[in-house]
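Q: task: produce atomic coordinates for the following.
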Amino acid sequence: MTRESTAEGNSTTVSALACADLQKSFGGVKAVNGASFSVPRGTVSALIGPNGAGKTTVVSILSGALRPDTGAVTLGGDDVTKLPSHRRAELGLIRTFQLSREFGGLTVFENLMVAARRQAGESLVDIYLRPRLVTRRENELKERAAVVLEQFGLYALRDEWARSLSGGQKRLLEISRAVMAEPTVLLLDEPMAGVNPVLIDRIGEHILDLRAGGVTVLMVEHNLNVVEKICDHVIVLAEGRTLATGQMSELRDNTDVVRAYLGGVLDGRIDS
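A: Numbers count the residues shown, from 1 in each chain. Next comes the predicted model:
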């Protein structure tokens, strides 16, 4: 169990998400080589590092899409290392991907409906013996989907086929669909990739709104200006292991981090 000190001194609080000594090899290549870190509850945290540092592999291990060779993953203090991704999702750990994975043959509204958890219509018993329960739950989900689409500026597109959306709109749909699943911890894999500056600001605002609503966010991100603007906590990976953690302003002065990653962005330029 990973715990972090609070302002009271002796009291502790369980981290929202943590990993210890993660190892993962593909053939003879060690993609992750001893990564260990924790994500404080109620924060927006960033996972950064140069290309090939193992960021996406770590996120896949955290979400349950990959099983580590060794090491442990805890969610709210509970060991979930052996749980598959769908069980972790049921516990509130939801993930998005680098490339949007919308259901192109469904409408925007339908994409959100299928993402919801605890759907009464999934049970044949409920369908035949408790049809009113199924109808009530479906109406609740429809109302929630409408609210989420409105929040993300997609309500006017609710009846459009998801495949017809622009790249930026698909990114918003990906995040809104994750929100529809009611996460307690949300893993965002490069949410700003391939979107224009105006949309980057909007996505950043949505992420801060999620934090204000009690969701803990861990995002893989290359846009260090965004990281410095919205992230409370930053984890730096290099060569598959944790190099440093802290606030972005502190990490800019860390010699090891500068050498491994930040050298070209100390003047404010964005890493690509």
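Q: ok, longest helix in the chain?
A: helix 131-151 (DSSP state H).
Q: pull out the buried positions in the next helix-or-strand element following that one.
A: Counting by DSSP states H and E, the next helix or strand C-terminal to helix 131-151 is helix 167-180. Buried residues in helix 167-180, counted by 16 or more other Cβ atoms under 10 Å: 168-180. Glycine gets a C-beta too; all of them are placed from N, C-alpha and C.
Q: again, but for stretch 193-207
A: Buried-residue list, stretch 193-207, by 16+ other Cβ under 10 Å: Ala193, Val195, Leu199, Ile200, Arg202, Ile203, Gly204, His206, Ile207.
Q: is it true that the fourth one touches Ala193?
A: Think Ile200. No. Applying Cβ atoms under 8 Å as the test, Ile200 and Ala193 come out as separate, 9.9 Å apart.
Q: got any ranges where the stretch 151-272 of the chain has weak pLDDT?
A: The stretch 151-272 of the chain contains residues with pLDDT under 70 at 261-272.
Q: helices of that one, start to end?
A: 167-180, 197-212, 224-230, 248-251, 255-257 (DSSP state H, counting those that start in this stretch).
Q: my read is Gly34 is in a helix, agree?
A: No. Applying DSSP: H, G, I helix; E, B strand; the rest coil, one finds Gly34 to be strand, outside a helix.
Q: could you find the closest non-adjacent residue to it?
A: Ranked by Cβ to Cβ, 6 or more residues apart in numbering and with sequence neighbours excluded, the top spatial neighbour of Gly34 is Arg241, at 4.4 Å.
Q: burial of that neighbour, as a residue count?
A: By other Cβ atoms under 10 Å, 19 other residues sit near Arg241.
Q: surely it and Asn33 touch.
A: Yes. Contact status for Arg241 versus Asn33: in contact at 5.1 Å, counting by Cβ under 8 Å.
Q: so Ser29 bridges to which residues?
A: For residue 29 the amino acid is Val, not Ser. With DSSP bridges as the criterion, Val29 is bridged to Phe26.
Q: give the contact list for Trp45.
A: You called it Trp, but residue 45 is Ser. For Ser45, the contact set (Cβ atoms under 8 Å, 6 or more residues apart in numbering) comprises Val39, Thr216, Val217, Leu218, Met219, Cys231, Asp232, His233, Val234, Ile235.
Q: now swap in Gly49 and tell me
A: Lys55, Val236, Leu237, Ala238, Leu243, Ala260, Tyr261.
Q: look up how far Val220 lies from the first one.
A: Pointing back at Lys55 there. 5 Å (Cβ to Cβ, to the nearest Å).
Q: likewise for the second one?
A: Relative to Val220, Val236 is positioned 12 Å away (criterion: Cβ to Cβ).
Q: any shared contact partners between those two?
A: Ile48.
Q: neighbour-wise, which of those two wins?
A: Val236 (26 against 23).
Q: can you pull up the bridge partners for the more buried one?
A: According to DSSP bridges, beta-bridge pairing links Val236 with Ile48, Ala244.
Q: looks like it contacts Thr242 (just checking).
A: Yes. With contact defined as Cβ under 8 Å, Val236 counts as touching Thr242 (7.2 Å).
Q: anything in contact with each of the two?
A: By Cβ under 8 Å, 6+ apart, no residue touches both Val236 and Thr242.
Q: center of this structure - which residue?
A: The centre of the chain sits closest to Leu187, judged by Cα atoms, centre = their mean, with a distance of 1.2 Å.
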